[in-house]
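Would you be able to build a 3D model of this:
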Amino acid sequence: MEWVRIIVVLVLLGRAIYTDVKRGIIENRIIWIGLVVAGVWSYCNGGISGLLQSGKMVVLTFGVLFVFYLVRGLGAGDVKLLCVLSAFFPELLWDIVVASFVMAAVISVGKMMIRGIRRKNIYVPGETILFSVPVGIGTGLVLLQQYVR
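Next up, the predicted model:
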C-alpha cells in the first residue's frame, strides 16, 4: 500500500508545480486536500499516535520554515507544500527539505552558467525560483532513494 501514498503525493506535487509554473501560486485547495488525505493516511496506518506524529511534524515544519518566509527566502505556498509533505512523510521530511534546497541551488547555478556562456548578466536582480519545482525534484529523488532498492 506504500505505492498508493507515493502516487497520491506525486499527483499533488504535479498539480502544485503546474499551478505554480502557470499562475505563480500553489492553490490552497491542493494544500487542504493534501493535509486531509495525509491525516487520514496517518490515522489508518498508525492510529491516533500516527496522526499526532504527522501533526507534530506539520507544526514543526511550519515553525522552522516560517523563518525562511519572513526573510522572503520562501513563499507561503512553498512552506505549506512542505508542510503537506511532512504530513505524508514525517520520517523523510528533513531529507526532502535538504534535497529541495540542494536542487534549488543546482538549478540556480545552472541558470547562471548558461547566462555566462551566452555572455549575458549572470545575476538578475529580483529574480526568483519557483521553489515547487526543486521541491518536486527533491521529493522524487528522496523517494527513489528510499523505496527503490
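
make it CA atoms for all contacts and neighbour counts henceforth
Will do.

Extract the residue ranges of the protein that are flagged as low pLDDT.
Across the chain, the ranges flagged by pLDDT under 70 are 149.

can you give me the helices in this protein?
In the chain, the helices defined using DSSP state H lie at 2-23, 28-70, 76-88, 93-117, 132-147.

count of neighbours near V84?
Using other C-alpha atoms under 10 Å, V84 has 32 neighbouring residues.

Ok, which of the helices of the chain comes nearest P125?
Taking C-alpha to C-alpha, helix 93-117 is the member of the helices of the chain nearest to P125, at 12.3 Å.

Centre of the chain to the closest one, how far?
Distance of helix 93-117 from its chain centroid, counting by C-alpha atoms, centre = their mean, to the nearest Å, is 14 Å.

For it, which helices and strands make contact with it?
helix 76-88, helix 132-147 (3 or more C-alpha pairs under 8 Å, 6 or more residues apart in numbering; DSSP states H and E).

got a list of contacts for the longest one?
Defining contact as C-alpha atoms under 8 Å, 6 or more residues apart in numbering, one finds that helix 132-147 is touched by 6, 13-14, 16-17, 20, 78, 81-82, 92, 95-104, 107.

re the thing from before, just name the most buried of the helices and strands packed on helix 93-117.
Mean neighbour count (mean count of other C-alpha atoms under 10 Å) peaks for helix 76-88 among these, with a mean of 25.

Now tell me what touches that one from outside.
The contact list for helix 76-88 (C-alpha under 8 Å, 6+ apart) reads 5, 9, 25-28, 31, 34-35, 38-39, 41-42, 54-55, 57-59, 61-62, 65-66, 69, 92-93, 97, 131-132, 135.
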